[in-house]
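In: here you go, sequence then predicted model.
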2 protein chains.
Amino acid sequence: MSEIAVTMKDVARYTGLSIATISKYINGGNVLDENKVLIEKAIVELGFKVNEIARGLKTNKTKTIGILMPTLENMFCTGIISNVENILIQNGYSTIICDYKEDAKLEKDKLDFLVNKMVDGIITMPHCISQEHLQGVINKGIPIVLVDRIVKGLECDVVLVDNLNASYDAVEQLITRGHRRIGIIIGPEAVYTAEERLKGYIRVHEDYNIEVDTSLIKNGDYQIESGYTLLKELVRMKDAPTAIFVTNYEMTLGAIMAANELNINIPSDFSFIGFDNLQMAKIVKPPLSIVIQPMQQIGEAAANLLLKRLKMDMANFPSMFRLKTEVSIKGSVREI
Amino acid sequence: MSEIAVTMKDVARYTGLSIATISKYINGGNVLDENKVLIEKAIVELGFKVNEIARGLKTNKTKTIGILMPTLENMFCTGIISNVENILIQNGYSTIICDYKEDAKLEKDKLDFLVNKMVDGIITMPHCISQEHLQGVINKGIPIVLVDRIVKGLECDVVLVDNLNASYDAVEQLITRGHRRIGIIIGPEAVYTAEERLKGYIRVHEDYNIEVDTSLIKNGDYQIESGYTLLKELVRMKDAPTAIFVTNYEMTLGAIMAANELNINIPSDFSFIGFDNLQMAKIVKPPLSIVIQPMQQIGEAAANLLLKRLKMDMANFPSMFRLKTEVSIKGSVREI
DNA sequence: CCCCTAACGCTAAACGTTTCGTTTATATTT
DNA sequence: AAATATAAACGAAACGTTTAGCGTTAGGGG
């Protein structure tokens, strides 16, 4: 059943050359043209494949990048993964995608797993991981690029979005259209992006001299259901907001479903701004106003930054790419 | 910057024991209690970690499973991944998740990548991959479990859902409630599950002696947008269906958005049955009737089957688990 | 015709494990 | 006390590569 593996030794024997020459050929060294032909033939004939494990043992390089994400059930995460991967593949790298399911222990374990697998670099969206733990990995010579979130106290390359101003801008759009009571459905308190988005919400209120009513701030968990539940809560308040801002895709989805269910007319009953997923925003009626995160840019910037570090180019370390979001205002927002 | 790696040799030197003894200890062999203490201390002191690459070279085992999926942008896929992973982790295996982006070449490449990474086994939802290619991997002694789809001509373990009857049952529910013109939004023709679901639709029509009107069959691509577009097409037909059946989650989402946009009242204008995602089905109003695929069972069955093969238990090879779906009829369906 | 210089190929030593066959130390039996 | 059995530790050879460093070859200039 199990075919015995073909090694360089076999190719060497087959061609009458030495193992070293085969290795040289494989790695693009100088080999006589006639021998090139010979070796190539042997490789095809025997079905030789480089044993990456053995190679990795020698070189301490695996040409593999680890991607460590909090979840795969969130299209922002998977979107980034996709874009990162595209760039890496173009550069001859493979990827190992890990999902730590928003679990602190798993996050640590999977990080160690990646290190054990000898990945050459890591791109991660961190959650609970400690600064020390990541530092340990970096000290081993494995470059890390953080995505979407920073880790306090850690000197590390990072690519993220200006969440504070994303939120600021979105809410400002509502304020300039006359809204004063603006509900916000925000992510879990512990999550960096949620914190920042809340800060933006608060700051814009301050800047416009509007008092923040904390009862308008609803903490969800970035899942569909909390968007659904919290929108209902907001709508049912006795002093309900005139506009609602939801801060990620899944909760936006849930919120819209709740609005449909309650026969709420957007924007006449409420103005509404959601997050992410342009595709959906176009589909909904009225067209949804959303904050658009540049997922492609994020993924590409992270991948390119990591590639740079892998080439031992440590210029501007640690660098921080803070990408701008775009607020797309469509029919779901009205002036009052 | 880069700490020099600690090896067994260092632990051996530190403890005054031989490398062989250290290895024995690591792998749970018999070692004097006093030496156990000594070694443990050294390991902690030096920060030793087994080099999995070197170990893999020797053992030809990596305790790693490859999961190869057509996309991560589909919650059916990510749901399965999650459940598979849970079981594997419990059994001491790690996973490498690969996304081949529904691309034939990438599917082949990533499969080879996994083989090169010396994964001990593979779980995949295949698409265009040839029977030969997969057979080649199996011949190398790497067990494969297919999920959700079969590959024609390949003797291979597989875990899937009885798609034909899933579709049959759903449509039957509509028929027994008096519907005769039933629209269906189906996946791409080339995809196995789509084929099967269409067969079920056709067969139930035959069994009830209802002629199939092919203009009621709409081929989508399993994405949100096609659900949106195709629902509109169906609704706008001059001889529109009285019920619509949508055959995956993403398209269901799109279809619902279209329905909302057109101010269609479900179920008075149309009866509606969707697919997957119980969470969403509960949220929508009226509660959505859906076909529920047992994602957890699928994932667990696939993982357990693979684990069995990894223990060299080849009983009932190739086995096929054909799991049953459940049709949950809620308010979105009415009698006419 | 010889020597020099490239160009190419070879030998052998790593890389960090596991594992086989042996040796050494200890305990048990006679 | 000698003989034997057992447990623990050891040395060394693998696993399939890469890579110095050295040796060989052929061709060209003097």
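Out: Arrived safely, thanks for sending.
In: quick one: average pLDDT of stretch A:125-140?
Out: Averaged across stretch A:125-140, pLDDT comes to 91.
In: buried residues, it. List them.
Out: Within stretch A:125-140, the residues that count as buried by 16 or more other Cβ atoms under 10 Å in any protein chain shown are A:Met125, A:Pro126, A:His127, A:Cys128, A:Ile129, A:Ser130, A:His133, A:Leu134, A:Gln135, A:Gly136, A:Val137, A:Ile138. Just so you know, the C-beta spots here come from the backbone N, C-alpha and C atoms, and that holds for glycine as well.
In: contacting residues around the fourth one?
Out: Spelled out, it's A:Cys128. A:Ala104, A:Glu107, A:Ala190 (Cβ atoms under 8 Å, 6 or more residues apart in numbering or on different chains).
In: most surrounded residue in the residues you listed?
Out: Within these, most neighbours by other Cβ atoms under 10 Å in any protein chain shown means A:Glu107, with 24 neighbours.
In: list the contacts for it?
Out: A:Glu107 touches A:Leu68, A:Pro70, A:Tyr100, A:Pro126, A:His127, A:Cys128, A:Ile129, counting by Cβ under 8 Å, 6+ apart.
In: for the first one, list the residues it contacts.
Out: To tie it back to what came earlier, the one meant is A:Leu68. Contacts for A:Leu68 (Cβ under 8 Å, 6+ apart) come out as A:Cys98, A:Tyr100, A:Glu107, A:Lys110, A:Leu111, A:Leu114, A:Ile122, A:Ile123, A:Thr124, A:Met125.
In: which element is it on?
Out: strand A:64-69 (DSSP states H and E).
In: quick one, domains of chain A?
Out: Residue ranges for the domains of chain A, per automatic domain parsing: A:8-50, A:61-161+A:295-324, A:163-294.
In: what pLDDT, on average, does the longest one get?
Out: Per-residue pLDDT over domain A:163-294 has a mean of 93.
In: so which residues on the stretch 51-200 of chain A come close to chain B?
Out: Within the stretch 51-200 of chain A, the positions near chain B by Cβ under 8 Å from any Cβ of the partner chain are A:51-54, A:56-57, A:62, A:64, A:72-73, A:75, A:78-79, A:81-82, A:85, A:94-99, A:101, A:113, A:115-118, A:139-141.
In: still on that earlier bit, in strands, which of the contacts of A:Glu107 appear?
Out: Using DSSP state E, the subset of those located in strands is A:Leu68.
In: what strand or helix carries A:Gly141?
Out: Per DSSP H and E, A:Gly141 falls between elements, in no helix or strand.
In: quick one: neighbours of it, just the number.
Out: By the criterion of other Cβ under 10 Å, A:Gly141 has 14 neighbours.
In: rewinding a little: including distance to B:Leu307, could the domains of chain A go into JSON lines?
Out: Formatted as JSON lines, these follow (distance: least, Cβ to Cβ, whole Å):
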{"stretch": "domain A:8-50", "distance to B:Leu307": "26"}
{"stretch": "domain A:61-161+A:295-324", "distance to B:Leu307": "18"}
{"stretch": "domain A:163-294", "distance to B:Leu307": "30"}
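In: how about A:Glu195, nearest residue that isn't a chain neighbour?
Out: Ranked by Cβ to Cβ, 6 or more residues apart in numbering or on different chains and with sequence neighbours excluded, the top spatial neighbour of A:Glu195 is A:Glu189, at 7.2 Å.
In: before we move on, back to that, got the buried residues of stretch A:125-140 as a markdown table, with distance to B:Val158 columns?
Out: Putting the buried residues of stretch A:125-140 into a markdown table (distance: Cβ to Cβ, whole Å) gives the following:
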| residue | distance to B:Val158 |
| --- | --- |
| A:Met125 | 34 |
| A:Pro126 | 37 |
| A:His127 | 35 |
| A:Cys128 | 38 |
| A:Ile129 | 38 |
| A:Ser130 | 42 |
| A:His133 | 40 |
| A:Leu134 | 40 |
| A:Gln135 | 45 |
| A:Gly136 | 42 |
| A:Val137 | 39 |
| A:Ile138 | 43 |
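In: what's in contact with the strand or helix carrying A:Ala170?
Out: Assigned by DSSP H and E, A:Ala170 belongs to helix A:163-176. Residues outside helix A:163-176 that contact it (Cβ under 8 Å, 6+ apart): A:182, A:184, A:193, A:196-201, A:203-205, A:208, A:210, A:243, A:245, A:247, A:271, A:273, A:289, A:291, A:293, A:324-325, A:327, A:329, A:333.
In: so which of the residues you listed sit within strands?
Out: Counting by DSSP E, the part of those found in strands is A:Ile182, A:Ile184, A:Ala243, A:Phe245, A:Ser271, A:Ile273, A:Ser289, A:Val291, A:Val327.
In: near A:Glu233, how many other residues are there?
Out: Residues lying near A:Glu233 (other Cβ under 10 Å) number 14.
In: my read is it is in a helix, agree?
Out: Yes - assessed with DSSP: H, G, I helix; E, B strand; the rest coil, A:Glu233 lies in a helix.
In: does it touch A:Asn219 like I think?
Out: No - contact criterion Cβ atoms under 8 Å: A:Glu233 and A:Asn219 do not qualify, at 11.0 Å.
In: now the helix holding A:Ala170: buried residues?
Out: The neighbour-count check on helix A:163-176 (16+ other Cβ under 10 Å) flags A:163-175 as buried.
In: just stretch A:307-325 next, same as before
Out: Buried residues in stretch A:307-325 (16+ other Cβ under 10 Å): A:Leu307, A:Lys308, A:Arg309, A:Leu310, A:Ser319, A:Phe321, A:Thr325.
In: closest to chain B out of those residues?
Out: A:Arg309 (11.4 Å; Cβ to the nearest Cβ).
In: output the helix or strand following the strand holding A:Leu68 as PDB - backbone C-alpha positions only.
Out: The first helix or strand that comes after strand A:64-69 along the chain, using DSSP H and E, is helix A:75-90. Extracted in PDB, the C-alpha atoms of helix A:75-90 (Å, rounded to 0.1, in the frame of the first residue of the first chain):
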ATOM      1  CA  MET A  75     -15.800  37.300   7.100                       C
ATOM      2  CA  PHE A  76     -13.400  40.000   8.100                       C
ATOM      3  CA  CYS A  77     -11.000  37.400   9.300                       C
ATOM      4  CA  THR A  78     -11.400  35.100   6.400                       C
ATOM      5  CA  GLY A  79     -11.200  38.000   4.000                       C
ATOM      6  CA  ILE A  80      -7.800  39.000   5.400                       C
ATOM      7  CA  ILE A  81      -6.600  35.400   5.300                       C
ATOM      8  CA  SER A  82      -7.400  35.300   1.600                       C
ATOM      9  CA  ASN A  83      -5.600  38.400   0.700                       C
ATOM     10  CA  VAL A  84      -2.600  37.500   2.800                       C
ATOM     11  CA  GLU A  85      -2.400  34.200   1.200                       C
ATOM     12  CA  ASN A  86      -2.500  35.600  -2.300                       C
ATOM     13  CA  ILE A  87       0.600  37.600  -1.800                       C
ATOM     14  CA  LEU A  88       2.500  34.900   0.000                       C
ATOM     15  CA  ILE A  89       1.800  32.300  -2.600                       C
ATOM     16  CA  GLN A  90       3.100  34.600  -5.300                       C
END
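In: for helix A:75-90, name the packing helices and strands.
Out: Counting contacts by 3 or more Cβ pairs under 8 Å, 6 or more residues apart in numbering or on different chains; DSSP states H and E, helix A:75-90 packs against strand A:64-69, strand A:94-99, helix A:249-261, helix A:295-310, strand B:94-99.
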